[in-house]
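Trainee: sequence plus predicted model, see below.
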Amino acid sequence: MTAVIAPVEQLVAAVYVSSATRALPEDEILELLRIARHNNEKLDITGMLLYREGNFLQVLEGPESVVNSLISKIKRDPRHKGFILMSRKKIEERQFGEWRMAFRNMSKDHSGEEGYSPFLEPGFEDDEIGEESQLVFRLLRRFKENMR
């Protein structure tokens, strides 16, 4: 009898933005993050979450079916509104593999901290961000490289 080896599922990375339907106190955000990290460990999901003044930007990396399921769940979550999938692409390797879910609250003033960079402060033109935009991943890689 020969063992059947299941094929390895394609990895994908998805980036979305959304807004909270109400102001979230930091302790509530941290509790959501704790739960997400626990679930991501079981689901083989990595990524990062940025939060600023009620707005989220999140990267999810993992098996395609799992990422697709999570995106569907997030879209239905009543705590979110204005969900926009900025990018979704197949990847060969994870960019955030060491993080079950890195987090940074961008609402806090970090300007006095060592390593501060104003890189994320300027806005973007609408035509710079699209479904296949590489800008999103360049931005996230730069954030990852400079995050302390």
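Mentor: Ah, there it is. Numbers count the residues shown, from 1 in each chain.
Trainee: ok, now how distant is residue 92 from residue 36?
Mentor: Per C-beta to C-beta, to the nearest Å, residue 92 is found 25 Å from residue 36. The C-beta positions use only the backbone N, C-alpha and C, and glycine is treated the same way.
Trainee: of those two, which one has the most company?
Mentor: residue 36 (20 against 6; other C-beta atoms under 10 Å).
Trainee: and that one, helix, strand or coil?
Mentor: The three-state assignment at residue 36 reads helix, by DSSP: H, G, I helix; E, B strand; the rest coil.
Trainee: use 384 as the first number from now on
Mentor: All set: I'll call the first residue 384, so the last point we hit is now residue 419.
Trainee: would you map the strands across this structure?
Mentor: 394-403, 429-435, 438-446, 463-474, 485-488 (DSSP state E).
Trainee: JSON lines for those strands, including mean pLDDT and distance to residue 423?
Mentor: Shown next, in JSON lines, are the strands of the chain (pLDDT from 0 to 100; distance: least, C-beta to C-beta, whole Å):
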{"stretch": "strand 394-403", "mean pLDDT": "93", "distance to residue 423": "13"}
{"stretch": "strand 429-435", "mean pLDDT": "87", "distance to residue 423": "7"}
{"stretch": "strand 438-446", "mean pLDDT": "92", "distance to residue 423": "8"}
{"stretch": "strand 463-474", "mean pLDDT": "91", "distance to residue 423": "16"}
{"stretch": "strand 485-488", "mean pLDDT": "76", "distance to residue 423": "11"}
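Trainee: in CSV: those, plus mean neighbour count and distance to residue 411.
Mentor: Output for those, formatted as CSV (neighbours: other C-beta atoms under 10 Å; distance: least, C-beta to C-beta, whole Å):
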stretch, mean neighbour count, distance to residue 411
strand 394-403, 20, 10
strand 429-435, 20, 11
strand 438-446, 21, 13
strand 463-474, 14, 14
strand 485-488, 16, 12
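Trainee: quick one: these as CSV, columns for distance to residue 412 too.
Mentor: Below are the strands of the chain laid out as CSV (distance: least, C-beta to C-beta, whole Å):
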stretch, distance to residue 412
strand 394-403, 9
strand 429-435, 6
strand 438-446, 9
strand 463-474, 13
strand 485-488, 7
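Trainee: surely residue 428 and residue 447 touch.
Mentor: No. Because the distance of 11.6 Å does not satisfy C-beta atoms under 8 Å, residue 428 is recorded as not touching residue 447.
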